[in-house]
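[1] structure for this input, please:
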Amino acid sequence: MNEKWLAGVDVGGTYIKLAFISQNGDIYHKWQIKTDKQYKGKNIIKNIAYTLDDSLSGLGKTKADLAGIGIGVPGPVEYDTGEISQSVNIGWPDHYPVKKLLEKESGLPVFVENDANCAALGELWKGSGQGARNLIFVTLGTGVGGGIISGGKIVRGVNGAGGEIGHITSIPEGGALCNCGKRGCLETIASATGIVRLAVEKKRVFADSGRRTLLAGKEESFTAKDVFDCARSGDSLCLEVTEEMSFHLGLALANLGNALNPEKIIIGGGVSKAGEFLLTKVQTYFEKYAFSPVRLSTRLALASLGNDAGVIGAARLVKEQGN
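    Next comes the predicted model:
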């Protein structure tokens, strides 16, 4: 009898990533489709079911070859029902029945998890977290997500909001408004969006004072990558931005480390492509604020799976809960 594949789905604000994965975590086939956020995202589930069918057909397979579908979604999940309780970056209404709808459309068992928790599972299974039983994963992208693994299990909390690292309050007073409705969240500083926001604000100050910056010719179309690239070149504005961002992230991770004492803290997401330049800065502040035993026992590392972490972790849900 042939081994059944695991389907992993990672729902993002711009794209939905999908993959067929072996029981050992190896990717057979992966692709992506655009996230259709029109009409409060009502077509997303249908699009996922359709593209899974279409890709199976193209590979000469059928639904009978799948053990189930694991799906990572951007928001807290109500695990008893498979509903997503809040999804500010997708547009789904509160308590959206992801599991029920996708099972209806696909005819397959569906397992729903927060997207950052899926990425944490992926890194634990096949990435930088291999061998650990306790880890914290933080993903720096359009927003800031997080996943906490304790004793090999996801820490979900009482209503699925465990691991929402991006909504740690980093600036108690006067911080920028976050998509969650709160001010001063870590997400407003350490995300790609937050980094650009900080750079735009400092760029205006530099212009008013006549100070020069490599961002001057980029108007406001630059990215977080541009900010890190210019910081590497010694640009004073970009160095200020990356230092401020690293301070807030390093402090948040130190406090999490002090509370949880994990073996590893893994940094992923698009911003993590800044590599050792970012890791070194964050490590400096982590070591400054971490409790001594935590500083000595907890290792910071960059994620190794890139965009595949979410789909691999989502597929792991099927293996753990469905097989």
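
[2] and whatever helix or strand H248 lives in, what other elements does it pack with?
    Assigned by DSSP states H and E, H248 falls within helix 236-260. Packing partners of helix 236-260 (3 or more Cβ pairs under 8 Å, 6 or more residues apart in numbering; DSSP states H and E): strand 135-140, strand 144-150, helix 187-190, helix 192-209, helix 224-232, strand 264-268, helix 276-289, helix 292-297. The way it works is simple: take the backbone N, C-alpha and C, and place the C-beta from them, glycine included.

[3] between those, which gets nearest to T62?
    strand 144-150 (32.6 Å; Cβ to Cβ).

[4] what lines up beside the helix or strand following the closest one in the sheet?
    Next helix or strand after strand 144-150 toward the C-terminus (DSSP H and E): strand 153-154. Next to strand 153-154 in the sheet, as set by DSSP bridges, lie strand 144-150 (antiparallel).

[5] for the partner strand, buried residues please.
    V144, G145, G146, G147, I148, I149 (16 or more other Cβ atoms under 10 Å).

[6] average pLDDT for it?
    On average, the pLDDT along strand 144-150 is 93.

[7] ok, stretch 93-113 next?
    On average, stretch 93-113 scores 95.

[8] same check, this time on stretch 255-268
    Averaged across stretch 255-268, pLDDT comes to 96.

[9] just the CA trace of that stretch, in CSV.
    Only the C-alpha atoms of stretch 255-268 are listed here, as CSV (Å, rounded to 0.1, in the frame of the first residue of the first chain):
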residue,chain,number,x,y,z
ASN,A,255,11.7,38.4,28.7
LEU,A,256,10.2,35.4,26.9
GLY,A,257,13.4,33.5,27.6
ASN,A,258,13.3,34.4,31.2
ALA,A,259,9.8,33.1,31.5
LEU,A,260,10.2,29.9,29.5
ASN,A,261,13.9,29.1,29.4
PRO,A,262,13.8,27.3,25.9
GLU,A,263,16.7,25.5,24.3
LYS,A,264,16.4,27.7,21.2
ILE,A,265,14.9,30.9,20.0
ILE,A,266,14.5,30.8,16.2
ILE,A,267,14.1,34.0,14.1
GLY,A,268,12.3,33.5,10.8
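
[10] how about residues contacting it?
    Around stretch 255-268, the neighbours that count as contacts under Cβ atoms under 8 Å, 6 or more residues apart in numbering are 119-120, 123, 127-129, 132-140, 148-150, 165, 168, 253, 278-279, 282, 286, 289-291, 293-294, 297-303, 305-306, 309.

[11] now a ChimeraX select for only the buried ones of those residues.
    Selection of buried members from these for ChimeraX, criterion 16+ other Cβ under 10 Å:
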select :119,120,123,127,128,129,132,134,135,136,137,138,139,140,148,149,165,168,253,278,279,282,286,289,290,294,298,300,301,302,303,305,309
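
[12] could you tell me the least trusted of the helices and strands packed on helix 236-260?
    Ranked by mean pLDDT, those end with helix 192-209 at the bottom, a mean of 86.

[13] that helix - contacts with which helices or strands?
    helix 187-190, helix 224-232, helix 236-260.

[14] let's have these in CSV, adding distance to Y96.
    Formatted as CSV, those follow (distance: least, Cβ to Cβ, whole Å):
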stretch, distance to Y96
helix 187-190, 21
helix 224-232, 29
helix 236-260, 29
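
[15] between the helices and strands packed on helix 236-260, which one is nearest to K99?
    strand 144-150 (19.3 Å).

[16] now do that closest one and strand 264-268, the angle between them.
    150 degrees (axes from the mean of the first three to the mean of the last three Cα atoms, to 10 degrees).

[17] give me the residues contacting strand 144-150.
    With contact meaning Cβ under 8 Å, 6+ apart, strand 144-150 is reached by 74, 114-121, 124, 129, 132-139, 154-155, 162-166, 185-187, 190-191, 194, 256, 260, 262, 269.

[18] mind listing the helices for the stretch 51-200 of the chain?
    Remark: helices assigned in the stretch 51-200 of the chain by DSSP state H, counting those that start in this stretch are 98-106, 115-126, 187-190, 192-209.

[19] need the ones you listed in a markdown table (columns: distance to F228).
    Below are these laid out as a markdown table (distance: least, Cβ to Cβ, whole Å):
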| stretch | distance to F228 |
| --- | --- |
| helix 98-106 | 35 |
| helix 115-126 | 21 |
| helix 187-190 | 13 |
| helix 192-209 | 8 |
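
[20] that concludes my questions; thank you for your assistance.
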